[in-house]
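S.K.: the sequence and its predicted three-dimensional model are supplied below.
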Amino acid sequence: MKNIEKRIKNFELLKNEIKNINKATEIIIKALKENNKIFLCGNGGSASDCNHLACEFISKFKKERKSLPAISLCSNNSIITAIGNDFDFKDIFKRQIEGLGQENDILIAISTSGKSKNIIEAIKQAKKQKMKVIFLTGKNESNLHIDCEINAPSEETEQIQEMHIAIGHIICEKTEYEF
């Protein structure tokens, strides 16, 4: 029971991020209306969330509509392992952004700790290429210069991830109704 109560409290605290969730959604809608793409990156469970959310944008969330361009940078094992081997693991997303990202595209970066080196490198590369960056992280705010940060109010990895997928679903639903 204690775990359920803690999760309920986390989701109640997530109300404090409504402004940032709305801002992220507005950034995404604007970019998509201007024919830009969404890229997503994360590690472990966050990588799975990236694949899941890219699927929601490409296929559909709740209603039939045109496919929205979203690419999970976590899904191509050949690219990830080649970059990790030939360069460094911290570059696995950075190199993909360098090759695929264009000005005003969106990077949705997910890190429960906010400290993953490969995520930070991806954010830096995206900003260098004048992309918009939305950062989903845990309780601690980052000092990164990004367009929108959404903080899941917990320090427990699995609880942060539960809120991240809920945040992603909210963004998908709100975006979908614009198309």
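M.R.: Here it is on my side, so go on.

S.K.: can you give me the strands in the chain?
M.R.: 38-41, 70-72, 106-110, 132-137, 148-151 (DSSP state E).

S.K.: so what are the sheet partners of the first one and their directions?
M.R.: To tie it back to what came earlier, the one meant is strand 38-41. Strand 38-41 has its sheet partners listed here by DSSP bridges as strand 70-72 (parallel), strand 106-110 (parallel).

S.K.: got it, and the longest one?
M.R.: Paired with strand 132-137 in the same sheet, following DSSP bridges, are strand 106-110 (parallel), strand 148-151 (parallel).

S.K.: could you give the mean pLDDT of the longest one?
M.R.: Think strand 106-110. Taken as a whole, strand 106-110 has a mean pLDDT of 98.

S.K.: could you measure the residue positioned nearest the centre of the chain against residue 88, distance?
M.R.: The chain has residue 108 as the residue nearest its centroid, 3.0 Å off, counting by Cα atoms, centre = their mean. As defined by Cβ to Cβ, to the nearest Å, residue 108 lies at a distance of 23 Å from residue 88. C-beta coordinates here come from the backbone N, C-alpha and C atoms, glycine included.

S.K.: report the longest helix in this protein, please.
M.R.: helix 157-176 (DSSP state H).

S.K.: buried set for that helix?
M.R.: 159-165, 167-168, 170-172, 174-176 (16 or more other Cβ atoms under 10 Å).

S.K.: ok, back up a step: hmm, residue 54 and the residue nearest to the centre of the chain touching each other?
M.R.: No: judged on Cβ atoms under 8 Å, residue 108 makes no contact with residue 54 at a distance of 9.2 Å.

S.K.: what sits in contact with each of these two?
M.R.: Shared contacts of residue 108 and residue 54 (Cβ atoms under 8 Å, 6 or more residues apart in numbering): 38, 40.

S.K.: what helices and strands are in contact with the helix or strand of the chain with the lowest mean pLDDT?
M.R.: The helix or strand of the chain with the poorest confidence is helix 2-13; it has a mean of 90 (mean pLDDT, DSSP states H and E). Applying 3 or more Cβ pairs under 8 Å, 6 or more residues apart in numbering; DSSP states H and E, we find helix 2-13 packed against helix 157-176.
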